[in-house]
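Trainee: kindly return the folded structure for what I paste below:
(one chain, ligands or ions: 1)
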Amino acid sequence: MHLIPEWPYLKRNESVVQPEAEERSQKSQLSSRKSKKEVEVWIGMTVEELARAMEKDIDYIYESLMNTAVDIDSLEADSHLDEVWIKEVIKMAGMKLKWSKLKQEKVRENKDAVKRPQADPALLTPRFPVVTIMGHVDHGKTTLLDKLRKTQVAAMEAGGITQHIGAFLVSLPSGEKITFLDTPGHAAFSAMRARGAQVTDIVILVVAADDGVMKQTVESIQHAKDAQVSSSALFLTLSLSVPIVLAINKCDKPEADPEKVKKELLAYDVVCEDYGGDVQAVHVSALTGDNMMALAEATVALAEMLELKADPTGPVEGTVIESFTDKGRGPVTTAIIQRGTLRKGSILVAGKSWAKVRLMFDENGKTINEAYPSMPVGIVGWRDLPSAGDEILEVESEPRARQVVDWRKYEQEQEKNKESLKLIEEKRKEHQEAHRKAREKYGTLHWKERSLIKYKEKKQQQPLKLKERVERESNVLPIIIKGDVDGSVEALLDIMDTYDASHECELELVHFGVGDISENDVNLAETFHGVIYGFNVNAANVIQQSAAKKGVKIKLHKIIYRLIEDLQEELSSRLPCNVEEHVIGEASILATFSITEGKKKVPVAGCRVQKGQLEKQKKFKLIRNGHVLWKGSLISLKHHKDDISVSKTGMDCGLSLDEEKIEFKVGDDIVCYEEKEVVAKTSWDPGF
Ligand SMILES: Nc1nc2c(ncn2[C@@H]2O[C@H](COP(=O)(O)OP(=O)(O)OP(=O)(O)O)[C@@H](O)[C@H]2O)c(=O)[nH]1
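Mentor: Sure, this is the predicted structure:
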C-alpha cells in the first residue's frame, strides 16, 4: 500500500510507510512513538468522523484507502468504516489509535427471559380447550358468545355479574370446561399471530344459514389455516392449522339453508362429516339458544381428540389477551395461562413491562388464588401496560424482571439504530448512483473539474452575460461559495445541483473554492452583484470592511442547513411579490338604468351593499354567474343624487364604471377590493 506522492493535501511528515523508519534506532523509534498524535476512534465511525478525529479533510481518508480493498466509489462522508480500515488509515498516517470509551459499542450480554424447553411428557396433565369464535359480520358471533356466557351465569348462582376480561370459562353439565376468547375475533387473532403467539386450540366458525359463505368467513378460514397449534399433542406438527367446528347459525329462520353452507365451504377445504370430511357441523340458533349444548359438546369431543395437555409445574408461561388501565387497580391484563400455575406474588415479565402479581380474578370478578393452564385470569400488579399477544413469563425475582425489561428496551433501541443506519445506507446508495451517472457523463474527472464543466455548460446555455442579466433582471442570484475543506465545498455544490431552472429565481455560481473569504471574492461579488457564502471559514476585518463599502453581503455559517436556509431567504427576496386581492365590500345589482351626461348615455347599476362597504377610490369587479366580466375603477358612486365616497352595508347606491360598453344585469355582483403585495417564497427545498 502506498500513498500517491502528488496528493496535495498530504504533508510529508504525515506519510507513515517510510522505509527509512525501519532503520531508525530503537531509541529514536521510542521517542517517535511518544510524539505520535493520538486519535480517538470508535467502532462504526464514519469517514467524516474519522477525518475530523484525525484533523484531516475527507479526501485524505479517500486517498489513504485508494489502493486497498475498500470500494472508494461507494464511500461517502457518512459511510461507516470497518474496524480494520480505521486502524489502517491511522497506521498509514503514523498516528496512534485510542479506542473511545464513550462511543465504543460494547456488545451487551443477552439478558432476555425465554420459554423453557418442551416439558417432559411425564409431567403433562390434561387441560381444557381454548376456543375462538370467528365469522362474517352479523352472522351472530356476539349473540352466540352471549348465549354461551349466559349458560354459564345460569349455571352459577342467579344474578352473578359477569365482567368483560376478554375470555370466559364455560362448565358443561358433564363437568367438562371450555375457555372462550371473546376479544373481537380478527383483531385479537391477528395481533397474537403477529407476535407469534398462539393460544387458540379450536375455532368455532359461525356461518349464518340465511347468508352463506361471505368474505370474512373465508378470511376466518384462512386465519385458522395459517395459525399454529399450541396443542401439546400436536406439537410435532406445528404447521397444522387450528381445527374448526362449524356453527351454522340462524337456523330458526325460514330461509335458512344449512346444506348450501356446507356445500359452499367445500371450495375452501372445509369438508363436513356429511361430505366425508372431519369437520363437525352443528345447526344452531344463537337467538333462541337452540342446540347450544350440542355445539359445546362437539367442541369438547374435538378437544378430546386433540388430547390437549400442559405442564402445570414450574415457572408460568402465558399470553396476554387484553390489557387496560383500571382507575383503582392500575394496569390490568387478562391472560391465558399455558404452563405452570400462577399464584399471588409471582414475578412476571411481558413485553417491556413486569409485574409482581398483587391480585388475580376470574371473569366473575371473583378473587382467585391460583390459575392453571387454559384458565383465563385477570392480573393486577403490572408496572406498565403490556400489549395483547405479549408472551408472559415468570422469572425468579424483581431484579431479574427489571433486568429482562431493561434488556428488551435496549434491544428495541438497537433495532431503531439499525433502522436509521439502514436509512443512511439507502441515502448513500442514492448518492452513489447520482455520482455514477455523473461519472458516465464526465468520466473520471475530479469533482472540481466536473463542477467547472457543468458551470461552463450552463453558461453556454445562457448566451447573455451574467453581469448584464443580473443588471437587467432582478431575479438572478449570483453566489460565491467558500468552504473550509474540499469536502464541504463539494457538499455545497452538490446541494446547489438540486436547484434547477424550474425555480423562479436563477441561481448563478460565480466562483467557489477552499479557504477564507478574500479580497478577490469581494471584488467578484461586487462585479456581479452577488452574495458570498462561507462555510466554516472566516472573513478578516479588513475584508468585511471592504465588503461593506462595496455593498457586498458576506454570510458566514457553521451549520450547513442554516446556510441553506439563509440562501433560501436570499432567493425568496429576489422573487417578485405575489399580489393578493382583499375584498372590502360586496353589493348586488337590484336595478339597471341609464343617465344622460352631455350627449352620452351612461349605464348605471342600482345596487344594495350586502357586505363591508364600497369605497369609490378602490378597485372594483363585476361578476356574473361566478365569472369576472370586468375589472377597473368607478367613474361615479352616488346615493340618490349625491356623490359619495363610501357606501356601507345595507345602503342603496348607484354606480357607473370606467367601461361604458358593459351592460349590467339584475342579479350581477359588484365587488370592491384592494390589492396587497405578499412576499414570495422560493419553492426550492433541498430536503434539509
Ligand atoms: N334470527 C336469528 N337472528 C340472529 C341469530 N343470531 C344472531 N342474530 C341476529 O343477527 C344480528 C347480528 O348478530 P351479532 O351477534 O351482532 O353478529 P356478529 O357476528 O357478532 O356481528 P359483528 O359484531 O358486527 O361482527 C343481530 O340482530 C342478532 O340478533 C340467530 O340465530 N337467529
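Trainee: from residue 609, how far off is residue 294?
Mentor: Using C-beta to C-beta, to the nearest Å, we find residue 294 at a distance of 80 Å from residue 609. In this view, the C-beta of every residue, glycine as well, is placed from N, C-alpha and C.
Trainee: tell me which of these two has more neighbours.
Mentor: residue 609 (21 against 14; other C-beta atoms under 10 Å).
Trainee: next up, the contacts around that one.
Mentor: Applying C-beta atoms under 8 Å, 6 or more residues apart in numbering, one finds that residue 609 lies in contact with 585, 586, 587, 647, 648, 649, 650, 651, 653.
Trainee: neighbours around the last one, how many?
Mentor: Per other C-beta under 10 Å, the neighbour tally for residue 653 reads 23.
Trainee: with the second one instead?
Mentor: Residue 586 sits with 19 neighbouring residues when counted by other C-beta under 10 Å.
Trainee: pull the contacting residues for the nearest residue to it once chain neighbours are set aside.
Mentor: Among residues not flanking residue 586 along the chain, residue 611 sits closest, at 4.4 Å (C-beta to C-beta, 6 or more residues apart in numbering). By C-beta under 8 Å, 6+ apart, the residues touching residue 611 are 583, 585, 586, 649.
Trainee: SS state for residue 611?
Mentor: Classification of residue 611 using DSSP: H, G, I helix; E, B strand; the rest coil returns strand.
Trainee: and it, how far from residue 373?
Mentor: Applying C-beta to C-beta to residue 611 and residue 373 gives a distance of 75 Å.
Trainee: please, where are all the strands along the stretch 151-300 of the chain?
Mentor: Taking DSSP state E, counting those that start in this stretch as the test, the strands found in the stretch 151-300 of the chain are 167-171, 177-181, 202-208, 244-249, 281-283.
Trainee: for residue 627, name its beta-bridge partners.
Mentor: Beta bridges link residue 627 to residue 624 when assigned by DSSP bridges.
Trainee: kindly report the same for residue 135.
Mentor: residue 206.
Trainee: show me which of the contacts of residue 609 are buried.
Mentor: Taking 16 or more other C-beta atoms under 10 Å as the criterion, what is buried in the contacts of residue 609 is 585, 586, 587, 647, 653.
Trainee: residue numbers of the protein in contact with the ligand?
Mentor: By C-beta under 6 Å from any ligand atom, the residues of the chain that approach the ligand are 135, 137-143, 249-250, 252-253, 285-287.
Trainee: if you rank those by neighbours, which is first?
Mentor: residue 249 (30 neighbours).
Trainee: nearest residue to that residue other than its sequence neighbours?
Mentor: residue 140 (4.3 Å).
Trainee: gap between the one you found and residue 224?
Mentor: Distance from residue 140 to residue 224, by C-beta to C-beta: 18 Å.
Trainee: can you name every helix or strand that the helix or strand encompassing residue 542 contacts?
Mentor: Using DSSP states H and E, residue 542 falls within helix 541-550. For helix 541-550, the elements it packs on are helix 519-528, strand 553-557, judged by 3 or more C-beta pairs under 8 Å, 6 or more residues apart in numbering; DSSP states H and E.
Trainee: run the last query once more with 7 Å
Mentor: Judged by 3 or more C-beta pairs under 7 Å, 6 or more residues apart in numbering; DSSP states H and E, helix 541-550 is in contact with helix 519-528.
Trainee: and the longest strand for the protein?
Mentor: In the chain, assigned by DSSP state E, the strand with the most residues is strand 578-597.
Trainee: buried stuff in that one?
Mentor: So, applying 16+ other C-beta under 10 Å, buried residues of strand 578-597: 584, 585, 586, 587, 588, 589.
Trainee: going by distance to residue 558, which of those residues wins?
Mentor: residue 584 (48.2 Å; C-beta to C-beta).
Trainee: doesn't residue 672 make contact with that closest one?
Mentor: Yes. Residue 584 sits in contact with residue 672 when judged by C-beta atoms under 7 Å, with a separation of 4.7 Å.
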